[in-house]
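Undergrad: Next comes the sequence, and after it the predicted model I'd like to discuss.
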Amino acid sequence: MPQWLTDGAPHVWRPYCQMKTAPAPLAVARTHGARIILEDGRELVDGIASWWTACHGYNHPHIRAAVTQQLERAPHVMFGGLAHEPAYRLAARLAALLPGDLDHVFFAESGSVAVEISMKMALQFWINRGVAGRTKFVSFLGGYHGDTLATMTICDPEEGMHGLFAGVMPAQHVVALPRDAESEAALDALLAQKGHEIAALIVEPRVQGAGGMVLHDDSVLATLRRLADKHGLLLIFDEIFTGFGRTGDLFACSGSGVIPDIVTLSKALTGGTLPLSAAIASAKVFEAFWSDDAGAALMHGPTYMANPLACAAANASLDLFESGGWKTDVARINAALVEGLEPCRGAKGVVDVRTLGAIGVVEFEEAVDAGGLCAKFAELGCWIRPMGKVVYLTPPFVTSDAEMARLTGAIRAVVGG
């Protein structure tokens, strides 16, 4: 164990674990491509791209060069009353890439904060239009939108992480996704009865990520758009996870043909280099804030919003997406996931194997021993971190065929497929 880890361990509060009983974290020395190199010299193929961020792999030379150049010019300036080229160019590029009139970009640092901002936009949209009482949101079972206070209220209350906080914040309407006629009718009835108190519907399009990598068809999104329009509500897509190629399209909203009123982005926005997020609003939403009345402004401003280094990284990441090679890589990774994970379907306790784009999932009947499995995967040269009932892969798009074979082979070896 390196000295820095020994000295720092008593002072670092780690995420998502009971530190008294959890094993020590693995000490990382450096990263490269799809690899995490540990202090003890072992190399792990990263099967989850550092929580779905490192889509182009680690240390990509184009992104690194862009950040280095920006560091020499200006690492940061406040965004209140000042402007800088990386942010303004990034906003224009995102607006051009997103469908419809999703043209107005509000920057922040983290995905949870971007979702909070989208909720705040939706609430104030109605206030600015003189409509009182629209204080609630509709979200969906199996969904996860972040760990900050407001986002916890729109997560699935049964998913486990936020149960201690029940009653701390006002409860929202968390219901079943409209996958069939019965669930669609139930949602329609709820909106008819409670629409006067609802500001917006919010959904993770195509894949409910941290809630268990649950997939749903684009027809579900079309239904949500139709019901939102029918009842005069806003629709928010949380694309923190699904944005930037993960499902096979650059954005789920683009590939599905369903355009929300607000979309949130983060995770792979900077290619896994620096923290950055955005809540991007349609013209309809933005126009409710465009006023001679100073009180109608969105009074929100994260200190590091639109950080120049992060925006430079994001612009460089978009350069790589514009080359188009990622599409071939995602298709290649999907084929490897299908071939490599399908044998797990017959393993003990496995109830489903599914893939979409560069996402592969083996689901178990019961919650898995995430810590124990993680250690076994590391012994096989892989960084795979299960959650809940699923062992999943969301590798960098640059992961080689041999590295994919190692990842899927490790899962087959551990689960007995």
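TA: Perfect, I can see it now.

Undergrad: All the strands of the stretch 301-417 of the chain, residue numbers only.
TA: 350-356, 359-364, 382-383, 390-393 (DSSP state E, counting those that start in this stretch).

Undergrad: same question for the second one, mean pLDDT?
TA: Per-region confidence: strand 359-364 scores 98 on mean pLDDT.

Undergrad: go on, the longest one?
TA: Averaging pLDDT along strand 350-356 yields 98.

Undergrad: Need the strands of the stretch 301-417 of the chain in a markdown table (columns: mean neighbour count and distance to D103).
TA: Any C-beta I mention is one placed from the backbone N, CA and C, and that applies to glycine too. Output for these, formatted as a markdown table (neighbours: other C-beta atoms under 10 Å; distance: least, C-beta to C-beta, whole Å):
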| stretch | mean neighbour count | distance to D103 |
| --- | --- | --- |
| strand 350-356 | 18 | 28 |
| strand 359-364 | 24 | 29 |
| strand 382-383 | 25 | 38 |
| strand 390-393 | 25 | 34 |
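
Undergrad: now for the ones you listed, which one comes closest to T399?
TA: Nearest to T399 among the strands of the stretch 301-417 of the chain is strand 390-393; the distance by C-beta to C-beta comes to 9.1 Å.

Undergrad: Is it correct that A54 falls within a strand?
TA: No. Per DSSP: H, G, I helix; E, B strand; the rest coil, A54 lies outside any strand segment and is coil.

Undergrad: any idea what sits nearest it, other than its immediate chain neighbours?
TA: Among residues not flanking A54 along the chain, G272 sits closest, at 3.2 Å (C-beta to C-beta, 6 or more residues apart in numbering).

Undergrad: The strands of the stretch 301-417 of the chain into JSON lines, with extra columns for distance to R73?
TA: Compiled in JSON lines, the strands of the stretch 301-417 of the chain are given as follows (distance: least, C-beta to C-beta, whole Å):
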{"stretch": "strand 350-356", "distance to R73": "40"}
{"stretch": "strand 359-364", "distance to R73": "37"}
{"stretch": "strand 382-383", "distance to R73": "34"}
{"stretch": "strand 390-393", "distance to R73": "38"}
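
Undergrad: Next, T31: secondary structure please.
TA: strand.

Undergrad: who wins for proximity to M404 among the strands of the stretch 301-417 of the chain?
TA: Per C-beta to C-beta, nearest to M404 of the strands of the stretch 301-417 of the chain: strand 390-393, 8.4 Å.

Undergrad: Using CSV, write out every CA atom in that closest one.
TA: These are the backbone C-alpha positions of strand 390-393, laid out as CSV (Å, rounded to 0.1, in the frame of the first residue of the first chain):
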residue,chain,number,x,y,z
VAL,A,390,-26.5,-6.3,-12.2
VAL,A,391,-23.0,-6.9,-13.4
TYR,A,392,-22.5,-4.6,-16.3
LEU,A,393,-20.0,-3.3,-18.9
